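>>> fold the stuff below for me.
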Amino acid sequence: MFDAVTVKAPKPFSKAVGRRLGEDLVNRLGGTPNACWLFSAPDGAVNGLLRGIHEAVATDSIVGCTTDGEVSSAGFGTDTAVLAGVVTDRIDFHVASVKGLGPNSQDAGRRIAEKLPRDVSYVQIFSDGLTGNGCAILRGIASVMGAEVPIAGGTAGDAGRFERTRQYHGNRVLSDAVVAVGFSGNFKVGTGVRSGWSPVGTVKIVTRARENVVYELNGEPALDVFTRFLGKHADKLPAVGVEYPLGIVGKAAGPDEEDYDLIRATMSVNREDGSLSFAGEIPEGAAVRLTCGDNDSILKGTEEAARLALMDLGEIRPRMAFFYSCMARKIVLGRRTGEEMEVLHRTVGKGLPVIGFYTYGEYCRVRCGGPSLLHNETATVSVIGV
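Here you go, the predicted structure:
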């Protein structure tokens, strides 16, 4: 047995709104959910909203965060709260959180993995998108659970303000934290990830870098390389960087598979030393390519991610989909952002319950059996089958 439902409510938020949202979810499910996902716009009243939901759904297995846009079975929206719940006898859910990311992100990942049972076979995480290092969190989790357990989710947003994000665990609103929900039991997960950005020009080598800051490409200041590529648009960096992200070339599983590009979005520019900062780590020595795309290619990437997730699921019936997409895609798509959900529904099935949000970074494995990575400017789809 597996039933999933999503509901939504617009701002302004309050405890009463949360209670009504939770009651609506329980009524539609026909019982108390085993686990819930809450994604909401940032608002001063999210504490009351979460308390009201918690009282109504009567479970501590609530996870989620604030966002840069919310998605549910009803489609895409902003300034809303979306809530999903699952009732099932096939999956056990295990929820945990760790506060204090900052420079200790890898240790936080290790500690949250240690809080999950050893029989967990799939994990979703929601981390602070401003204070934590998503790459380091994944390394910490892998040090305990191994690299084989697929990890999905996203980093929390705050509607593009870049001031403070919130994470949800039970009836608690956290910040500078990572929240996780582990799945164990009789189920299968299919995952897919694609960006829609296409590489242009020749491969370049990162000759000097530290964490997420790239100083040199092929021995030249990184800014000089980007300036030559962008031409008259270079003075718009870093903002224009969302349209021309950097792709880290990764090797696929076999000789018959194409390489993939792990996309990195520009965050800031240092015009004194010619360096660029990105929304994720770029290792020294990595092969990279500049990329470009347009609305149609971005939406094609969404379709491909959903198709890959279904292929990964195989013959198992899909029962619920999770969709985590980057805020940069939302910026580029503009008024066409809602089409991402239309594409997703057409691909996975219009009646399939969907929940998710627009992130400051996405977590997903690059292929079945492959490593889970932090992505930028990418659409990720996870489909649960039982």
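
>>> going forward, measure contacts and count neighbours with C-alpha atoms only.
Fine.

>>> report pLDDT for the residue nearest to Ile282 when sequence neighbours are not counted.
Computed as Cα to Cα, 6 or more residues apart in numbering, the closest residue to Ile282 that is not its neighbour in sequence is Asn212, at 5.5 Å. With respect to pLDDT, Asn212 has a value of 93.

>>> now Asn212: how far from Thr67?
Shown here: Asn212 relative to Thr67, a distance of 22 Å by Cα to Cα, to the nearest Å.

>>> Ala58 too?
Relative to Thr67, and taking Cα to Cα, Ala58 is found at 24 Å.

>>> between those two, which one's more packed in?
Set Ala58 next to Thr67 and count neighbours by other Cα atoms under 10 Å: Thr67 wins out with 31 against 16.

>>> let me know the pLDDT of the more buried one.
pLDDT, Thr67: 98.

>>> can you pull the contacts of the closest residue in space to Ala81 that isn't next to it in sequence?
Closest residue to Ala81 apart from its sequence neighbours, by Cα to Cα, 6+ apart: Ser40 at 4.1 Å. Contact criterion Cα atoms under 8 Å, 6 or more residues apart in numbering gives 65-67, 69-70, 79-82 as the residues in contact with Ser40.

>>> now intersect the residues you listed with the strands, please.
Those of those mapping onto strands are 65-66, 70, 80-82, per DSSP state E.

>>> out of these, who's nearest Arg307?
Glu70 (21.6 Å; Cα to Cα).

>>> Glu23: how many residues sit nearby?
Neighbour count for Glu23, taken as other Cα under 10 Å: 19.

>>> please name the residues that touch it.
Per Cα under 8 Å, 6+ apart, neighbours of Glu23: 53, 56-57.

>>> out of those residues, the closest to Glu377 would be?
Distances from Glu377 to the contacts of Glu23, taken as Cα to Cα, are shortest for Ile53 (31.1 Å).

>>> hang on, the closest one packs against Gly18?
Yes - using Cα atoms under 8 Å as the test, Ile53 is close enough to Gly18 to be in contact (4.5 Å).

>>> assess the claim that Thr80 and Val7 are in contact.
No - counting by Cα under 8 Å, Thr80 stays clear of Val7, with 10.4 Å between them.

>>> now the lengthiest strand in the chain, how far from the chain's geometric center?
Across the chain, the strand with the greatest residue count (assigned by DSSP E) is strand 198-210. From the chain centre to the centre of strand 198-210 is a distance of 24 Å (Cα atoms, centre = their mean, to the nearest Å).

>>> buried stuff in the helix or strand following it?
Next in sequence after strand 198-210, counting helices and strands by DSSP states H and E, comes strand 213-217. Buried residues in strand 213-217, counted by 16 or more other Cα atoms under 10 Å: 213-217.

>>> can you lay out those residues as CSV showing distance to Ala305?
As requested, those are exported to CSV (distance: Cα to Cα, whole Å):
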residue, distance to Ala305
Val213, 28
Val214, 28
Tyr215, 32
Glu216, 32
Leu217, 30
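
>>> looking at the residues you listed, which is nearest Ser382?
Closest approach to Ser382 among these (Cα to Cα): Val213, at 30.2 Å.

>>> the residue nearest to that closest one when sequence neighbours are not counted and Ile141, how far apart?
Counting by Cα to Cα, 6+ apart, Ser277 is the residue found nearest to Val213 once chain neighbours are left out, at 4.4 Å. Distance check for Ser277 against Ile141: by Cα to Cα, it reads 25 Å.

>>> same question, Val225
Noted for Val225: a distance of 35 Å to Ile141, by Cα to Cα.

>>> tally up the residues packed near Thr191, please.
Using other Cα under 10 Å: Thr191 sits among 28 other residues.

>>> quick check, it in contact with Pro371.
No - judged on Cα under 8 Å, Thr191 makes no contact with Pro371 at a distance of 11.9 Å.

>>> can I assume Glu148 is in contact with Pro371?
Yes - Glu148 is within contact range of Pro371, at 6.9 Å (criterion: Cα under 8 Å).

>>> between these two, which is the more surrounded one?
Neighbours were counted for Glu148 and for Pro371 using other Cα under 10 Å; Pro371 has more, 18 against 15.

>>> isn't the more buried one up against Tyr363?
No - using Cα under 8 Å, Pro371 is not in contact with Tyr363, being 10.4 Å away.

>>> only alpha carbons, please: show stretch 288-302 as CSV.
Output of stretch 288-302 as CSV, limited to C-alpha atoms (Å, rounded to 0.1, in the frame of the first residue of the first chain):
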residue,chain,number,x,y,z
VAL,A,288,36.0,22.1,-17.7
ARG,A,289,34.0,23.6,-20.6
LEU,A,290,32.0,26.7,-20.9
THR,A,291,28.4,26.0,-21.7
CYS,A,292,25.3,27.8,-23.0
GLY,A,293,21.6,27.1,-23.4
ASP,A,294,18.2,28.6,-24.0
ASN,A,295,14.7,28.1,-22.8
ASP,A,296,14.0,25.1,-25.1
SER,A,297,17.2,23.3,-24.2
ILE,A,298,16.5,23.8,-20.5
LEU,A,299,13.0,22.3,-20.8
LYS,A,300,14.4,19.5,-22.8
GLY,A,301,16.8,18.8,-20.0
THR,A,302,13.8,18.6,-17.6
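
>>> buried residues in that stretch, which are they?
Quick answer for stretch 288-302 (16+ other Cα under 10 Å): 288-293, 295, 298-302.

>>> among those, which are in helices?
Counting by DSSP state H, the part of the buried residues of stretch 288-302 found in helices is 295, 298-302.

>>> possible to save those residues as CSV with pLDDT and distance to Leu29?
Output for those, formatted as CSV (pLDDT from 0 to 100; distance: Cα to Cα, whole Å):
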residue, pLDDT, distance to Leu29
Asn295, 95, 36
Ile298, 96, 34
Leu299, 97, 32
Lys300, 96, 33
Gly301, 96, 32
Thr302, 97, 29
